[in-house]
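Visitor: Fold the following.
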Amino acid sequence: MKIHMDLKENSYDIMVERGILFRAAECLNLNRRVLIVTDSEVPAVYAETVAKQCKQPVVCTVESGEGAKSLDVFGTLMQKMLEYNFSRKDCVVAVGGGVVGDLSGFAASAYMRGIDFYNMPTTLLSQIDSSIGGKTAINFGGVKNIVGAFYQPKKVLIDPDVLKTLPKRQIANGLAEAIKMSLTSDKELFHLIENGDINENIDEIIIRSLNIKKQVVEQDEKEAGLRKILNFGHTIGHGIESSEKMSELYHGECVALGLIPMCEETIRPRVIEVLKKCNLYNLIQFDWSAITDAAFHDKKADGEYVTVTTVPDVGCFELKTLKCSEVIQMAKKCFGE
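Guide: Got it, this is the predicted structure:
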């Protein structure tokens, strides 16, 4: 299936098709120098498969995890492109999850003021969410995604077959973002996740999630307003993710917890049951001081206030500007602390 992202001069196609990894050259211009960025946990055969379809491939494998989104690793990618004489006519291809996509996209945006970037996400989280929309970034000074750029890919290729090599926990990690988007924007998708077989419906879950994000990004490419709904659950979620006591949780697992306080009490039991079904209800001891510091020490907070997305009923949302302290109190009350 082809999904077209309509952003005028920044428009591109998102291809969702099983086996498309092996036909990348039919969809992308790989007849040039291509920096293929992957990480140490992605099966090497994926990058190798893409490399075989390129005229002049250069494969760069970074360490897995958020540590790769650093100035040092960013500099390594710049050095690789300089070393192999990359020009403005060459390109970068990300073959991996959200970290690889964020890092690679930012490198493509910066090298010679911008060269072509293609995204080939290999995790459910990145296929559903981070591979489209143009947010690229690295972490700096202990702050997540604080240095980056809006830089749209030229094309995104999504192959659901690569999910077969993902651990079940990584599948759950991605489902958190699908649940997030269904709660704000797609009642039928929420029902599908709530009542259907996840494995049998994974292609539809990916496609419906992508269509939600596409519609939001088309209306608000650079997060001036509506796109803030894509941060649903992320304010508390990022705080949990950055808290040392909770650092063993994945991004999606943290976002899943962050969704709960932002949902109306009347629908909260259903949300919790869906999270349990998807192995996303992970309650351990909360360090509220650390969560508060991390949640509001980022670009979404404006002094004492932050704009958060709340869900009064499945399939609809409200944007509210609240005091940071109010948001923390909502979370504490929700989790019984």
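Visitor: quick one, what contacts Ala172?
Guide: By C-beta atoms under 8 Å, 6 or more residues apart in numbering, the contact list for Ala172 reads 252-253, 278-280. Every C-beta, even on glycine, is put in place using the N, C-alpha and C of the backbone.
Visitor: For those, which single residue is the most surrounded?
Guide: Within the contacts of Ala172, Gly252 tops the neighbour count with 31 neighbours, counted by other C-beta atoms under 10 Å.
Visitor: that older thread, from the contacts of Ala172, which is closest to Asp197?
Guide: Cys278 (12.2 Å; C-beta to C-beta).
Visitor: show me the contacts for the closest residue to that closest one other than its chain neighbours.
Guide: The shortest distance from Cys278 to any non-neighbouring residue, by C-beta to C-beta, 6 or more residues apart in numbering, is to Leu175 (4.6 Å). Residues near Leu175 by C-beta under 8 Å, 6+ apart: 124, 193, 198, 205, 252, 278, 280.
Visitor: Apply 10 Å and report the result again.
Guide: By C-beta atoms under 10 Å, 6 or more residues apart in numbering, the contact list for Leu175 reads 124-125, 128, 182, 193, 198, 202, 205, 209, 252, 256, 274-275, 277-280.
Visitor: Return the alpha-carbon coordinates of stretch 57-70 using PDB.
Guide: The C-alpha trace of stretch 57-70 is given here as PDB (Å, rounded to 0.1, in the frame of the first residue of the first chain):
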ATOM      1  CA  PRO A  57      27.200   1.600  -0.400                       C
ATOM      2  CA  VAL A  58      28.900   2.600   2.800                       C
ATOM      3  CA  VAL A  59      27.600   0.700   5.800                       C
ATOM      4  CA  CYS A  60      28.000   2.300   9.300                       C
ATOM      5  CA  THR A  61      26.900   0.300  12.300                       C
ATOM      6  CA  VAL A  62      26.400   2.200  15.500                       C
ATOM      7  CA  GLU A  63      25.800   0.800  19.000                       C
ATOM      8  CA  SER A  64      22.200   0.200  19.800                       C
ATOM      9  CA  GLY A  65      20.300   2.400  22.300                       C
ATOM     10  CA  GLU A  66      19.900   6.100  23.000                       C
ATOM     11  CA  GLY A  67      23.600   6.500  23.500                       C
ATOM     12  CA  ALA A  68      24.000   6.500  19.700                       C
ATOM     13  CA  LYS A  69      22.000   9.800  19.500                       C
ATOM     14  CA  SER A  70      25.100  11.800  20.500                       C
END
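Visitor: Let me know the average pLDDT across it.
Guide: For stretch 57-70, mean pLDDT is 96.
Visitor: Give the buried residues for stretch 15-31.
Guide: Neighbour counts over stretch 15-31 (16 or more other C-beta atoms under 10 Å) mark 15-17, 20-21, 24, 27-28, 30 as buried.
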